[in-house]
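K.L.:
just the structure for this:
(one chain, ligands or ions: 1)
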Amino acid sequence: MSVPVKAIRIHVFGGADVLRLEEIELPPPGKGEVLVRNHAAGVNFIDTYFRTGHYKPPSLPATLGNEAAGEIIEIGKGVAGFKVGDRVAYVATLGCYAEQRIVPVDRLLKLPKSIHYDTAAAMMLKGLTAQYLLRQTYKVREGDTILVQAAAGGVGLILCQWAKALGATVIGTAGTPEKAKLAKKAGAKHVILYRDEDFVARVKEITKGKLCAVVYDGVGKATFPASLDCIAPLGLFVSFGSASGPIEAFDINILSAKGSLFATRPTLNTYAASPENLAKMARDLFRVVSAGAVHIPLHATLPLAEAAAAQRSLEGRETTGSTVLTI
Ligand code: NDP
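P.N.:
This is a model prediction of the structure:
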């Protein structure tokens, strides 16, 4: 039997005012699926890409949201290893800004008791992203100097803490002095106010011309191609998002001119595609959070009905760390 649940949906692409709190019908979980009663859903920049149509949902209307945490309330056929009542968290494309969601069991992660639902919803997508960026895309090592753009953001504050724990010297950028303070507290040794200062000149100065082994850039248009000038020869440019707008097409020869650089545009979906790698990445994330090496910075918790306000703040550069919708 289907159940009615409240969800935040869009019927058209547009600004935050297109979000609607509506009742939708969820079918029972199918083979290999479970029904999760969500307690909290994370708010991410990617949610705004789906809302504006920069990323396309398979169809409209669509329920937004890509990560959540809650408890299993129903189990579909053929599900092993999970039972009703289990505390779980997950990253799954669309459908998470809702009281309940059907989740394929191969995307589910059991939550350690020490991790609260709000914290879990604040850290799955952003924390797993930090995991692959720091431990797979480029393996950060003791002694590396790295640049994290938008270091006080949701992903940014996790990157700073984790990279410091790995022994790196972190240079961060931030939009305001308050954000710079937070990034410093999270482990960035140097923070550049990139709206006021020339960040390339500052990186050259800080590193005494040696530049960075890797640049993690989720800002996109506004920091490209300047980010490339912060990378040492043979270093890596990681363009993992476009908070300021997508990077325009560029001539690949720019990478040779700037020191035989490597460049990648990674996504969590690729890295976490296999259930085995997803589980391994989650173990690594839960380990650093449970050990206290990484503290998940919860900027705000808002009720589900206020999803539009949460997205406006995120796009308006008003947030730091993570924002969570409580359900
Ligand atoms: P953030 O909390 O980092 O918010 C974005 C930040 O970007 C803002 O706070 C702001 O910080 C900075 N920014 C710079 N220019 C602009 C602009 N014009 N408009 C808005 N913000 C701007 O968001 P998230 O942590 O959710 O995501 C960070 C990035 O990571 C995003 O690009 C997202 O798409 C990407 N991402 C990529 C994933 C992947 O697998 N590829 C997975 C998860 C996230 P400041 O004011 O300090 O400049």
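K.L.:
does the residue nearest to residue 224 when sequence neighbours are not counted lie in a helix or a strand, and which?
P.N.:
Distances taken as CB to CB, 6 or more residues apart in numbering put residue 247 closest to residue 224, at 4.6 Å, once the chain neighbours are dropped. Every C-beta, even on glycine, is put in place using the N, C-alpha and C of the backbone. Under DSSP states H and E, no helix or strand contains residue 247.
K.L.:
so residue 247 makes contact with residue 237?
P.N.:
No. Residue 247 is not in contact with residue 237 according to CB atoms under 8 Å; the separation is 10.3 Å.
K.L.:
how far out from the middle of the chain is stretch 8-27?
P.N.:
A distance of 22 Å separates the centroid of the chain from that of stretch 8-27, by CA atoms, centre = their mean, to the nearest Å.
K.L.:
endpoints of it, how far apart?
P.N.:
The first and final residues of stretch 8-27 sit 17 Å from each other (CA to CA, to the nearest Å).
K.L.:
chain neighbours aside, what residue packs nearest to residue 70?
P.N.:
Using CB to CB, 6+ apart and skipping residues adjacent in sequence, the residue nearest residue 70 is residue 38, 4.1 Å away.
K.L.:
the one you found - that's part of a strand, no?
P.N.:
Yes. Residue 38 forms part of a strand when assessed by DSSP: H, G, I helix; E, B strand; the rest coil.
K.L.:
and for stretch 255-262, what's in contact with it?
P.N.:
Stretch 255-262 has contacts (CB atoms under 8 Å, 6 or more residues apart in numbering) with 228-229, 231-237, 263.
K.L.:
for the record, mean pLDDT for it?
P.N.:
For stretch 255-262, mean pLDDT rounds to 98.
K.L.:
return the nearest residue of the stretch 51-200 of the chain with respect to the ligand.
P.N.:
Closest to the ligand within the stretch 51-200 of the chain is residue 153: 1.9 Å, counting by CB to the nearest ligand atom.
K.L.:
ok now whichever strand or helix holds residue 325, how far from the chain's centre?
P.N.:
Following DSSP H and E, one finds residue 325 within strand 322-326. With CA atoms, centre = their mean as the basis, strand 322-326 stands 13 Å off its chain's centre.
K.L.:
near the ligand, anything from it?
P.N.:
No. Strand 322-326 is not in contact with the ligand by CB under 6 Å from any ligand atom; minimum separation 7.2 Å.
K.L.:
buried ones in that strand?
P.N.:
Within strand 322-326, the residues that qualify as buried are 322-325, counting by 16 or more other CB atoms under 10 Å.
K.L.:
all strands of the stretch 1-150 of the chain, in order?
P.N.:
Listed in chain order, the strands of the stretch 1-150 of the chain (DSSP state E, counting those that start in this stretch) span 3-10, 20-26, 33-43, 62-63, 67-75, 87-91, 100-104, 108-110, 145-148.
K.L.:
how about the residues of the stretch 51-200 of the chain near the ligand?
P.N.:
Counting by CB under 6 Å from any ligand atom, the positions of the stretch 51-200 of the chain adjacent to the ligand are 125-126, 129, 150, 152-156, 174-175, 179.
K.L.:
separation between residue 2 and residue 137?
P.N.:
Between residue 2 and residue 137 the computed distance is 41 Å (CB to CB, to the nearest Å).
K.L.:
who has more neighbours out of the two?
P.N.:
Neighbours per residue (other CB atoms under 10 Å) separate residue 2 from residue 137, with residue 137 holding more: 18 against 9.
K.L.:
return the residues in contact with that one.
P.N.:
Applying CB under 8 Å, 6+ apart, we find residue 137 in contact with 236, 238, 264, 266, 271.
K.L.:
one more: residue 119?
P.N.:
289, 296, 298.
K.L.:
now with 6 Å?
P.N.:
Residues in contact with residue 119 (CB atoms under 6 Å, 6 or more residues apart in numbering) are residue 296.
K.L.:
now do the one 5 residues further on
P.N.:
Counting by CB under 6 Å, 6+ apart, residue 124 makes contact with 67, 89, 91.
K.L.:
let's see if you can find the most crowded of those.
P.N.:
residue 89 (31 neighbours).
K.L.:
pretty sure it contacts residue 109?
P.N.:
Yes. At 5.4 Å, residue 89 counts as touching residue 109 under the criterion of CB atoms under 6 Å.
K.L.:
per-residue confidence for residue 298?
P.N.:
On pLDDT, residue 298 comes in at 93.
K.L.:
distance of it relative to residue 150?
P.N.:
Distance, residue 298 to residue 150, by CB to CB: 18 Å.
K.L.:
just residue 74 next, same as before
P.N.:
39 Å.
K.L.:
tell me where the stretch 201-327 of the chain has helices.
P.N.:
According to DSSP state H, counting those that start in this stretch, the stretch 201-327 of the chain carries its helices in the segments 253-257, 268-271, 275-290, 307-315.
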